[in-house]
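S.K.: give me a 3D structure for the following:
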Amino acid sequence: MQTQRTAVTTALLAVMLMGCGAGEPDVPKEASGTLEQLAEQARCAKPDVRAGTAELRQASCATDDGTYVLLTFATDRGQREWINQAKDYGGSYLVGRRWVVAGDERTVTAVRGRLGGAVETAPSHRPQSSHGTHH
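M.R.: Next comes the predicted model:
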């Protein structure tokens, strides 16, 4: 009985170790800072700041990885509310502590290699076009 238990434990450990990092690129420690500091870390040389309020700051970035929007938030609650509303439109979001990168999946994954964070995705909820005819 002890040998069987040891074999099962060893097998589970082997599976867990094989799964660690499998297919997962090296992800750095999650970045933090101001909008400008995060843009620099993400290699966005010329962030186009589009919005700035006490609650939210937003900039557009165009890099070799693609085009994306970088947002910073004053509060965790404000960030979560924004993400929840944005997900109604679908898309990919790289989420850090009080910051978000919104863009296509390939771009978000590339930026994650510099900023860390977690990727959240949502399916598109766009209405299907109707091709019926009306008489």
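
S.K.: show me the shaky parts of the chain.
M.R.: Regions of the chain meeting the criterion pLDDT under 70 cover residues 1-25, 125-135.

S.K.: quick one: the helices in it?
M.R.: For the chain, applying DSSP state H gives helices covering 2-19, 35-41, 76-86, 105-115.

S.K.: and the gap between the residue nearest the centre of the chain and Asp48?
M.R.: Note on the chain: the residue nearest the mean C-alpha position is Leu94, at 1.4 Å, using Cα atoms, centre = their mean. In this view, Leu94 and Asp48 are 18 Å apart by Cβ to Cβ, to the nearest Å. Any C-beta I mention is one placed from the backbone N, CA and C, and that applies to glycine too.

S.K.: do the same with Glu120
M.R.: Distance from Glu120 to Asp48, by Cβ to Cβ: 24 Å.

S.K.: likewise Leu35?
M.R.: Following Cβ to Cβ, the distance that separates Leu35 from Asp48 is 11 Å.

S.K.: pick out whichever of those two has more residues nearby.
M.R.: Just comparing Leu35 and Asp48: by other Cβ atoms under 10 Å the higher neighbour count belongs to Leu35, 19 against 13.

S.K.: wait, what's in contact with that one?
M.R.: Pro47, Val49, Arg57, Gln58, Ala59, Leu70, Leu71, Thr72, Trp99 (Cβ atoms under 8 Å, 6 or more residues apart in numbering).

S.K.: tell me how many other residues surround the closest residue in space to the fifth one that isn't next to it in sequence.
M.R.: Meaning Ala59. Distance criterion Cβ to Cβ, 6 or more residues apart in numbering; nearest residue to Ala59, sequence neighbours excluded, is Pro47 at 3.7 Å. Applying other Cβ under 10 Å, we find 20 residues neighbouring Pro47.
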